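Novice: After the sequence you'll find the predicted model.
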Amino acid sequence: MTARHFARISGAAAVAALALTIAPAVVPTASAAPCPDVEVVFARGTFAPPGLGGIGDDFVNAVRSKVGAKSVGVYPVVYPASTDFPTAVDGIRDAANHIEGMAATCPNTKMVLGGYSQGAAVIGFVTANAVPSGVDPSEVPKPMPADVADHVAAVALLGKPDTQFMDMIKQPAVSVGPLYAGKAIELCAPGDPICSDGNDGAAHTSYTKIGLTDQAAAFVAGKV
């Protein structure tokens, strides 16, 4: 996904659906252990403050509650998460750099990649094995080396913009790369207009309330 492609995500409907009112969250710190048993790399949704955002906090807390004594480190992807959508490419780059660094320095750590809304698009593109057709490779980070996938135990995407939505705005579809697809879960709240053909804007903020955040965490716990 290029800066140019993200720039085209505009319009009142998209902004209303992606622009979330989320309670401020404390930026989490990584586990005290240099190499935790599990590392969650999470990209927050639009307008969430720096850190994980409300949905991300709920997801990480649910993961911690389900993995027993395993230590859990957390890395909030660094990017503006604003309606200045070209800056989403900063998140793709930042996430990939951290994931590759963890694979090299903590090879026994099982990584979990997660994202919500715009953040789910960021993480989806991070897993890609090739630059999407029509995208200038000079404008985006290179795909991560194939062996990095061996260090990723699970991918959890909540409210990821769907193909219909991306087609509507003439953008490449967001999809999990083939090396990660078998260990990924994608959840969409009923009626969510970003990840389905629904028209319930409130559904886009309902992931914890209706249990999908917990469902994603349960899937992840079964992989780590």
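Specialist: Ah, there it is.

Novice: Please, where are all the strands along the chain?
Specialist: 38-43, 72-76, 110-116, 152-158, 184-187 (DSSP state E).

Novice: neighbouring contacts of the last one?
Specialist: If you take CB atoms under 8 Å, 6 or more residues apart in numbering as the criterion, strand 184-187 is touched by 120, 127, 154-160, 176, 195, 207, 212, 215-216, 219-220. Just so you know, the C-beta spots here come from the backbone N, C-alpha and C atoms, and that holds for glycine as well.

Novice: 6 Å instead?
Specialist: 155, 156, 157, 158, 160, 176, 212, 216, 219 (CB atoms under 6 Å, 6 or more residues apart in numbering).

Novice: Surely the second one touches residue 115?
Specialist: This means residue 156. No: counting by CB atoms under 6 Å, residue 156 sits too far from residue 115 to count as a contact (7.9 Å).

Novice: between these two, which one's more packed in?
Specialist: Each of residue 156 and residue 115 has its neighbours counted (other CB atoms under 10 Å); residue 115 has more, 32 against 28.

Novice: Relative to residue 199, how far out is that one?
Specialist: Noted for residue 115: a distance of 23 Å to residue 199, by CB to CB, to the nearest Å.

Novice: which helices and strands does the longest helix along the chain pack with?
Specialist: Across the chain, the longest stretch assigned as helix under DSSP state H is helix 88-105. With contacts taken as 3 or more CB pairs under 6 Å, 6 or more residues apart in numbering; DSSP states H and E, helix 88-105 sits against strand 38-43, helix 118-126.

Novice: in the protein, which helix or strand is least confident?
Specialist: helix 12-18 (a mean of 38; mean pLDDT, DSSP states H and E).
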